[in-house]
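Visitor: next one to model:
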Amino acid sequence: MPRRLSTRILWFTMISIMLAEVAVFVPSVSKFRRDWLHTKVETVAAASLAAGRSSGGPFGLMAPEDEAELLHSLGAQLIAVESQGMSRLLARAEEVGPVDREVDLATESIPASIRAAFDTLLFGGQRTIRALGPIGDGTMTAEVVLLEQPLRRAMLVYSRNIFTISLLLASFAGLLVYIAISRYLLRPMRRMTESMVRFREEPENPARVIVASSRDDEIGIAERHLADMQGTLQRMLREQRHLADLGLAVSKINHDLRNTLASAQLVSDRLSDIPDPQVQRFAPTLIRSLDRALHYTQSVLAYGRAVESNPQKRVIRLRLLVDDVFEMMAGLDDRVQFANEVPTDLEMEVDPDHFHRAVANLVRNAVQAFENDADEALVRRVVVDAADVDGREVRIGVQDTGPGLSARARENLFQAFRGSTRAGGTGLGLAIAAEIVQAHGGSIHHVEGHSPGARFEIVVGKRDSRM
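Guide: Numbers count the residues shown, from 1 in each chain. All right, here's what the predicted structure looks like:
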């Protein structure tokens with residue numbers, strides 16, 4: 001697998017440790033330089049005390065061979081001490097070059113020491129430095145003049161050792177961290193990733209569901225949630241497959257049943273012409289029942305094969321569209337009054353055919369709400385109104401004076417076969433209306449608390465926002 005997470009974590013761990021070592025290296029190399037120079041100063045002090053004991057005074061004289069040996073051991077060109085205001089030259093080489101840099105170990109600050117250390121590492125080697133430092137109880141000061149090359153060489157060796165140790169430490173620590181992360185994090189994550197890939201390839205196979213571990217940390221929680229999600233998806237897929245099989249069977253049955261009902265409807269229409277009183281009494285009920293059954297089968301077939309095309313939007317006058325819907329619905333129930341309260345000048349950009357179906361479905365539902373009302377004194381009215389909202393949207397209302405919606409209908413609104421607003425209905429009208437409105441980028445909802453009857457509102461853009 002290219003660019004695996006484990007490899008990246010290993011490199012990140014090693015680089016982090018190396019950066020930490022670099023942060024430690026900066027002050028440590030500065031301290032190494034100070035210690036190196038301080039060692040030279042202390043050696044001068046020890047040589048001065050030894051010479052003083054041999055001569056019986058504060059500053060003793062050294063034999064020429066001792067001076068040469070001391071200069072050689074220190075790599076120095078000049079050695080001197082100062083005490084109680086008196087200065088004494090202990091040893092001096094035949095040739096002493098000019099001093100390029102002076103270092104006072106007593107007064108040098110930490111930032112100055114760091115700058116001087118890196119200056120020696122990067123640019124030093126050919127300069128002469130003069131180092132001063134207190135010795136003993138601070139009453140004496142030692143001075144040594146020496147070449148910078150030995151100091152730089154020692155600092156390079158020290159830096160190389162630090163780098164080698166840091167690299168080994170980073171590798172070892174990185175390996176330990178990698179092993180721990182791989183065991184407790186990467187391996188479970190890889191297992192979940194592989195489970196998701198295999199589940200995607202064959203989601204209906206129960207063997208592809210991950211078996212969650214007993215861990216009680218975040219990884220264990222993620223594994224259990226993944227297992228639950230995969231199980232839920234499998235159940236949903238099984239339900240979808242069963243519904244698809246059921247839908248195919250229902251479509252076949254509906255097709256044959258529709259033909260049978262159509263034949264029965266033709267016969268029932270002829271029965272209405274028979275003057276027999278008993279026939280005249282039962283024929284209207286029979287005709288209405290057959291009409292409802294035929295409409296039901298047609299609705300099921302239409303919903304099953306409906307794949308809405310993209311809206312072909314045109315600018316329309318909404319009032320004229322509502323008039324056309326009312327004219328089409330007038331034959332459903334002669335007792336129902338229709339009121340078109342849409343402003344005459346209200347225009348909007350929608351697909352005329354699609355939007356006509358949406359409004360027609362809402363109006364048809366409103367008319368059908370009066371089917372079970374036998375009392376002639378009841379007012380049966382369907383009103384369609386509309387208003388322009390800030391010039392950007394249009395709010396369309398369809399309301400009736402019927403009995404309103406039941407609690408079950410409100411819970412399942414806009415769901416086919418579940419959200420019917422009347423007994424024996426399919427709920428397809430509202431489902432199709434909602435689908436059309438959503439395709440126009442709008443919304444549809446039932447207005448709670450409206451009385452009497454029910455009120456549905458559509459909110460849709462007045463103009464196509466993409467233009």
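
Visitor: ok, how many other residues are close to the residue lying closest to residue 389 once chain neighbours are set aside?
Guide: Take residue 389 and drop its neighbours on the chain: the residue closest to it by Cβ to Cβ, 6 or more residues apart in numbering is residue 395, 5.5 Å away. (Each C-beta comes from the backbone N, C-alpha and C, glycine too.) For residue 395, the neighbour count with other Cβ atoms under 10 Å is 14.

Visitor: any buried residues in stretch 10-27, and which?
Guide: Buried positions in stretch 10-27, judged by neighbour count with 16 or more other Cβ atoms under 10 Å: 10, 13, 14, 17, 18, 21, 25.

Visitor: where does the residue nearest to residue 389 land on pLDDT?
Guide: Looking at residue 395, its pLDDT is 95.

Visitor: helix/strand/coil for it?
Guide: On the three-state scheme (DSSP: H, G, I helix; E, B strand; the rest coil), residue 395 is labelled strand.

Visitor: for it, what are its contacts?
Guide: Neighbour list for residue 395: 386, 387, 389, 457, 458, 459 [criterion: Cβ atoms under 8 Å, 6 or more residues apart in numbering].

Visitor: go again using 6 Å as the cut-off
Guide: 387, 389, 457, 459 (Cβ atoms under 6 Å, 6 or more residues apart in numbering).

Visitor: could you say which helix or strand holds residue 365?
Guide: For residue 365, the host element (DSSP states H and E) is helix 352-368.

Visitor: from the rest of the structure, what touches the helix or strand just after that helix?
Guide: Next along the chain after helix 352-368, taking DSSP H and E as the criterion, comes strand 381-389. The contact list for strand 381-389 (Cβ under 6 Å, 6+ apart) reads 318, 322, 337-342, 346, 363, 366, 394-401.

Visitor: buried sites along strand 381-389?
Guide: 381, 382, 383, 384, 385, 386.

Visitor: then stretch 94-104?
Guide: So for stretch 94-104, counting by 16+ other Cβ under 10 Å, buried means residue 103.

Visitor: contacts only, for residue 404.
Guide: Residue 404 is in contact with 453, 454, counting by Cβ under 6 Å, 6+ apart.

Visitor: mind checking the SS state of it?
Guide: Residue 404 - assigned by three-state DSSP - is coil.

Visitor: tell me the one of the buried residues of stretch 10-27 nearest residue 39?
Guide: Lowest distance from residue 39 to these (Cβ to Cβ) belongs to residue 25, with 20.5 Å.

Visitor: what strand or helix carries the closest one?
Guide: Using DSSP H and E, residue 25 maps to helix 5-55.

Visitor: packing partners for that helix?
Guide: helix 64-74, helix 110-123, strand 128-135, strand 140-147, helix 149-181 (3 or more Cβ pairs under 6 Å, 6 or more residues apart in numbering; DSSP states H and E).

Visitor: packing partners for the longest helix along the chain?
Guide: Assignment by DSSP state H gives helix 218-271 as the longest helix of the chain. Applying 3+ Cβ pairs under 6 Å, 6+ apart, one finds that helix 218-271 makes contact with helix 187-201, helix 277-305.

Visitor: would you list the buried entries among the contacts of strand 381-389?
Guide: Neighbour-count burial (16+ other Cβ under 10 Å) is assigned, among these, to 318, 322, 338, 340, 342, 346, 363, 366, 394, 396-401.

Visitor: show me the domain layout of the protein.
Guide: By the assignment in automatic domain parsing, the chain contains the domains 5-172, 218-304, 309-371+378-461.

Visitor: by mean pLDDT, flag the weakest helix or strand of the protein.
Guide: helix 277-305 (a mean of 67; mean pLDDT, DSSP states H and E).

Visitor: next secondary structure after that one?
Guide: That would be, after helix 277-305 and using DSSP H and E, strand 314-317.

Visitor: so, low pLDDT: which residues of the stretch 301-450 of the chain?
Guide: By pLDDT under 70, the weakly predicted segments of the stretch 301-450 of the chain are 301-309, 374, 416-427.

Visitor: ok so, going back, give me the buried positions along the helix holding residue 365.
Guide: Of the residues in helix 352-368, 352, 354-368 count as buried by neighbour count, 16+ other Cβ under 10 Å.

Visitor: other SSEs contacting that helix?
Guide: helix 318-329, helix 428-439.

Visitor: residue 211: which of those is closest?
Guide: Nearest to residue 211, of all the helices and strands packed on helix 352-368, is helix 428-439, at 39.7 Å by Cβ to Cβ.

Visitor: quick one: buried residues of that closest one?
Guide: Across helix 428-439, burial judged by 16+ other Cβ under 10 Å covers 428, 429, 430, 431, 432, 433, 434, 435, 436, 437, 439.

Visitor: could you pull up the residues touching the spatially closest residue to the fifth one that is not a sequence neighbour?
Guide: What it means is residue 432. For residue 432, ignoring the flanking residues on the chain, the nearest one in space by Cβ to Cβ, 6+ apart is residue 361 at 5.7 Å. Residues in contact with residue 361 (Cβ under 6 Å, 6+ apart) are 429, 432, 433.

Visitor: let's go with 8 Å and repeat that
Guide: Taking Cβ under 8 Å, 6+ apart, one finds 429, 430, 432, 433 in contact with residue 361.

Visitor: same check, this time on residue 142
Guide: Neighbouring residues of residue 142 by Cβ under 8 Å, 6+ apart: 41, 42, 44, 45, 48, 79, 80, 81, 132, 133, 134, 135.

Visitor: so it bridges to which residues?
Guide: Listed by DSSP bridges, the beta-bridge partners for residue 142 are residue 81, residue 133.

Visitor: for residue 395, same thing?
Guide: Beta-bridge partners, per DSSP bridges, of residue 395: residue 387, residue 459.

Visitor: farthest pair within the contacts of residue 361?
Guide: Largest separation among the contacts of residue 361 by Cβ to Cβ: 430 and 432, giving 7.5 Å.

Visitor: let me know the pLDDT of the closest residue to residue 241 other than its chain neighbours.
Guide: In space, and not counting its chain neighbours, residue 241 is closest to residue 204: 7.9 Å by Cβ to Cβ, 6+ apart. Listed pLDDT for residue 204 reads 82.

Visitor: look up phi and psi at residue 339.
Guide: Residue 339 adopts backbone torsions of phi -130, psi 120, taken as degrees, to the nearest 10.
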